[in-house]
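In: The following comprises the amino acid sequence and a computationally predicted model.
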Amino acid sequence: MGSNNLKGALLALVALGIFSTHDVVVKMLGRGYSPFQIIFFASLISFPMVTLILLRDRSAGSLWPNNPRWVALRTAMTLITGISVFYAFAHLPLAQTYSILFASPLLITVLAIPLLGEQVGVRRSAAVVVGLIGVLVVLRPGAAPLGLGHLAALTGAACGALASVIVRKIGKEERPLVLMLYPMTANFLFTGMVLPFVYIPMSISDLGLMAVIALFGLIASYLMILAYRAGEAVIVAPMQYSQMLWAIGFGWFLFGERVDTYTLIGAAIIIASGLYIVLRESRVGASENTPVLQTHIRTEIVTTPRSSIMQRLLSPTKRGDR
């Protein structure tokens with residue numbers, strides 16, 4: 001592995017460690033507050049920081065999207081993803097939440113067939129099937145009680161995958177400003193409308209944790225940009241699975257969570273399937289759109305904007321969404 005790839009991998013590992021810390025803070029706050037309240041204040045705090053990034057967009061055009069229906073669908077999916085993921089982190093063990101969210105690359109592969117015209121061969125199809133079996137191992141329907149937390153994690157994985165594929169479909173035709181601004185505004189307005197019904201007074205320390213969520217999300221997203229600039233996607237993308245180690249450690253140390261055998265086995269199956277898809281897409285001629293490789297993996301929510309869009313904003317002379 002060349003020095004640039006090593007640098008990319010190390011930057012990704014640091015970014016994903018910060019992302020995991022971000023998720024731990026979400027879990028801590030989620031025990032006392034609604035995900036709507038957390039998202040509202042986190043997005044409110046992050047708005048000034050994100051505005052500085054948005055102002056870097058010098059590309060010509062208006063704020064009206066070229067593909068309004070697709071942008072509207074992506075905005076809705078990003079909104080649902082954020083609420084679902086925040087709820088899942090609050091109500092499920094960290095390792096179990098990550099295991100389910102790791103199914104997103106499998107769903108991206110499936111959705112890329114009708115939306116991008118991706119030709120998925122027998123090998124990647126088999127990897128998807130095996131990975132979904134891994135999800136069933138984690139969930140153990142019928143053998144273990146399933147709750148809203150499991151449904152939320154599955155919803156977050158599915159909606160996040162659809163949002164990612166939509167970006168691959170329309171990313172070259174839309175200004176990055178549009179792709180980033182609409183979901184952020186929708187999150188802020190929608191959670192603001194719900195807030196009066198779920199609001200609980202917050203302490204100064206909890207408001208500080210809201211700021212930590214906003215700051216850590218943006219820092220980690222920027223480090224992911226640097227990681228993909230330094231290294232190849234096939235090296236950087238698999239680093240996301242390091243979050244399972246953070247989940248096990250944080251879960252045990254901070255929340256007294258124990259990872260059961262079924263979660264470990266299911267997670268191993270899901271991760272192996274996801275790795276195979278990433279490696280398969282990297283082979284010349286195996287994938288026309290490389291939807292998983294170009295997704296930058298991390299599930300997009302309001303506090304962790306899609307790093308490929310941020311990269312376009314920070315490098316406005318480069319066209320196209322990675």
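Out: Perfect, I can see it now.
In: And for residue 233, the neighbour number?
Out: Applying other CB atoms under 10 Å, we find 21 residues neighbouring residue 233. All C-beta spots, glycine's among them, are computed from the backbone N, C-alpha and C.
In: Same check on the one 10 residues further on?
Out: Neighbouring residues of residue 243 were enumerated by other CB under 10 Å; the total is 24.
In: What of residue 278?
Out: Neighbour count of residue 278, defined by other CB under 10 Å: 23.
In: Please export the C-alpha coordinates of whichever strand or helix holds it as PDB.
Out: Assigned by DSSP states H and E, residue 278 belongs to helix 261-282. Provided in PDB are the C-alpha atoms of helix 261-282 (Å, rounded to 0.1, in the frame of the first residue of the first chain):
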ATOM      1  CA  THR A 261     -22.800 -13.900  19.600                       C
ATOM      2  CA  TYR A 262     -25.600 -13.400  17.000                       C
ATOM      3  CA  THR A 263     -24.800  -9.700  16.600                       C
ATOM      4  CA  LEU A 264     -21.100 -10.500  16.100                       C
ATOM      5  CA  ILE A 265     -21.800 -13.300  13.600                       C
ATOM      6  CA  GLY A 266     -24.400 -11.200  11.700                       C
ATOM      7  CA  ALA A 267     -22.100  -8.200  11.600                       C
ATOM      8  CA  ALA A 268     -19.200 -10.300  10.300                       C
ATOM      9  CA  ILE A 269     -21.400 -11.600   7.500                       C
ATOM     10  CA  ILE A 270     -22.600  -8.100   6.600                       C
ATOM     11  CA  ILE A 271     -19.100  -6.600   6.700                       C
ATOM     12  CA  ALA A 272     -17.700  -9.400   4.500                       C
ATOM     13  CA  SER A 273     -20.500  -8.900   2.000                       C
ATOM     14  CA  GLY A 274     -19.900  -5.100   1.900                       C
ATOM     15  CA  LEU A 275     -16.200  -5.600   1.500                       C
ATOM     16  CA  TYR A 276     -16.700  -8.000  -1.300                       C
ATOM     17  CA  ILE A 277     -19.000  -5.500  -3.100                       C
ATOM     18  CA  VAL A 278     -16.400  -2.700  -2.700                       C
ATOM     19  CA  LEU A 279     -13.600  -4.900  -4.000                       C
ATOM     20  CA  ARG A 280     -15.700  -6.200  -6.800                       C
ATOM     21  CA  GLU A 281     -16.700  -2.600  -7.900                       C
ATOM     22  CA  SER A 282     -13.000  -1.600  -8.000                       C
END
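In: Going along the chain from it, find the next helix or strand for me.
Out: Note on helix 261-282: by DSSP H and E, the next helix or strand toward the C-terminus is helix 307-314.
In: And that next one, what does it pack against?
Out: Applying 3 or more CB pairs under 8 Å, 6 or more residues apart in numbering; DSSP states H and E, we find helix 307-314 packed against helix 35-54, helix 176-198, helix 204-230.
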